[in-house]
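In: Sequence and computational prediction follow.
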Amino acid sequence: MGFFDSLFAGKRSTPASSVTFHLDQAAHMYEDGNIGLEATTLDITPDSKRVAVIGLNGAGKTTLLKLLDGALAATSGTVRIEADGTAYDPAVKRDLKHVEDLVGRVRREEIPNAYYKAASIREAIDLPLKKHKVPESERQAIIGNLFAHFDLASVAREPASALDSEKRHLLAIAAALSFSPAAIVADEPTKGLDEVASARVAKALFSYDKQVMFATHDTDLIVRPEYAIGRVLVVDDHRVVFDGVPREAVDFYTDLVRSKYEAAKGDRA
Ligand SMILES: Nc1ncnc2c1ncn2[C@@H]1O[C@H](COP(=O)(O)OP(=O)(O)OP(=O)(O)O)[C@@H](O)[C@H]1O
């Protein structure tokens, strides 16, 4: 059990340290009839510690991630999230609570809107913990360690509105980790950052000992050996069309993009 998990040991009866995701013919159709993801069957086990999801705009990456973290329910097929021998169905309200504890969410909108209302980012992270009756000494330890890891200590007393984009991305990840989830689902955690900031955010995220499933358009990032991305899913036209190691996934994706580009050129000719 890691340091953060040990802090929560008294709060949660089973502070799971890993989760397995099972999708069995899981699909999502939005209310307006748009297909988010076609029927998809895949397992993500704890040995796939870091899983990247790549694909063109509108391919279905966000929909897939939201099925994994329970933000969206499958409209057909099933999603099961398993921890410590118990399988949870995020479509069931009681189970969804457990899923929300197990899987932290980092959204591309970065930090939650509520964070802007707090006097400081320290208070923004502290309030939800306080609401969950985490004792003061534990809250201080959690926030102190997260802020040290994510290089936020120097701006702890600043309001969220004073942070630059890199720090906001880091804060979004720290916020997702504050309740010590077993895994993190991150939708484009480095979106909109320059190369230097992007590398710093990726380093902070991947040097943290958690399972991470994340979407990205940054194909350089996923092949960097220091980030140890073990598995990449390529999503195209609402389907997972490739599932494998980073280098092969990037080659596959590059060919896919090229063929689409050529087809579009042909259409224009
Ligand atoms: N709230 C929604 N209502 C209706 N259709 C949606 C909604 N969200 C997404 N879609 C549609 O579902 C499909 C998959 O979208 P999704 O956002 O999952 O793709 P994505 O790969 O994450 O795209 P991007 O890289 O542009 O963020 C697209 O056709 C999109 O238009």
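Out: It's in. Nothing here was measured: the structure is a model prediction, and the numbers come from that model.
In: Where does pLDDT dip in this protein?
Out: Within the chain, the stretches with pLDDT under 70 are 1-15, 109, 268-269.
In: Would you mind naming what in it lies close to the ligand?
Out: 30, 32, 34, 36, 55, 57-63 (CB under 6 Å from any ligand atom). The C-beta positions use only the backbone N, C-alpha and C, and glycine is treated the same way.
In: Please tabulate those in JSON lines, including the columns distance to Phe179, neighbour count and secondary structure.
Out: JSON lines is the format used below for the residues of the chain next to the ligand (distance: CB to CB, whole Å; neighbours: other CB atoms under 10 Å; DSSP: H, G, I helix; E, B strand; the rest coil):
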{"residue": "Tyr30", "distance to Phe179": "29", "neighbour count": "11", "secondary structure": "coil"}
{"residue": "Asp32", "distance to Phe179": "33", "neighbour count": "5", "secondary structure": "coil"}
{"residue": "Asn34", "distance to Phe179": "32", "neighbour count": "11", "secondary structure": "coil"}
{"residue": "Gly36", "distance to Phe179": "27", "neighbour count": "19", "secondary structure": "strand"}
{"residue": "Gly55", "distance to Phe179": "29", "neighbour count": "26", "secondary structure": "coil"}
{"residue": "Asn57", "distance to Phe179": "31", "neighbour count": "6", "secondary structure": "coil"}
{"residue": "Gly58", "distance to Phe179": "31", "neighbour count": "13", "secondary structure": "coil"}
{"residue": "Ala59", "distance to Phe179": "30", "neighbour count": "22", "secondary structure": "coil"}
{"residue": "Gly60", "distance to Phe179": "28", "neighbour count": "25", "secondary structure": "coil"}
{"residue": "Lys61", "distance to Phe179": "24", "neighbour count": "25", "secondary structure": "helix"}
{"residue": "Thr62", "distance to Phe179": "22", "neighbour count": "21", "secondary structure": "helix"}
{"residue": "Thr63", "distance to Phe179": "24", "neighbour count": "24", "secondary structure": "helix"}
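In: out of those residues, what pair is the most spread apart?
Out: Asp32 and Gly55 (21.0 Å; CB to CB).
In: Quick one: the helices in this structure, in order.
Out: 3-8, 61-69, 93-102, 121-131, 136-149, 165-177, 195-206, 219-223, 246-268 (DSSP state H).
In: hey, which of those helices is tucked in deepest?
Out: Ranked by mean neighbour count, those are led by helix 61-69 with a mean of 25 (mean count of other CB atoms under 10 Å).
In: That one versus helix 93-102: what angle between them?
Out: Between helix 61-69 and helix 93-102, the angle comes out at 110 degrees (axes from the mean of the first three to the mean of the last three CA atoms, to 10 degrees).
In: And for helix 61-69, what's in contact with it?
Out: 21, 23, 26, 28, 36-37, 40, 44, 53-55, 72-74, 79, 81, 90, 99, 103, 105, 108, 185-187, 213-215, 233, 235, 238, 240 (CB atoms under 8 Å, 6 or more residues apart in numbering).
In: Please apply the same query to stretch 86-93.
Out: 22, 69-70, 73-74, 78-82, 95-96, 98-99, 102.
In: chain center to that stretch: distance?
Out: 19 Å (CA atoms, centre = their mean, to the nearest Å).
In: can you start the count at 423 instead of 1 from here on
Out: Okay, residue one is now 423; in that scheme the one you just asked about reads as stretch 508-515.
In: Ends of it, what's the gap?
Out: 16 Å (CA to CA, to the nearest Å).
In: likewise stretch 519-539?
Out: Note: stretch 519-539 ends 25 Å apart using CA to CA.
In: Restricted to strands, list the contacts of helix 483-491.
Out: 443, 445, 448, 450, 458-459, 462, 466, 475-476, 501, 503, 525, 527, 607-609, 635-637, 655, 657, 662 (DSSP state E).
In: How about Ser629, nearest residue that isn't a chain neighbour?
Out: Among residues not flanking Ser629 along the chain, His571 sits closest, at 7.9 Å (CB to CB, 6 or more residues apart in numbering).
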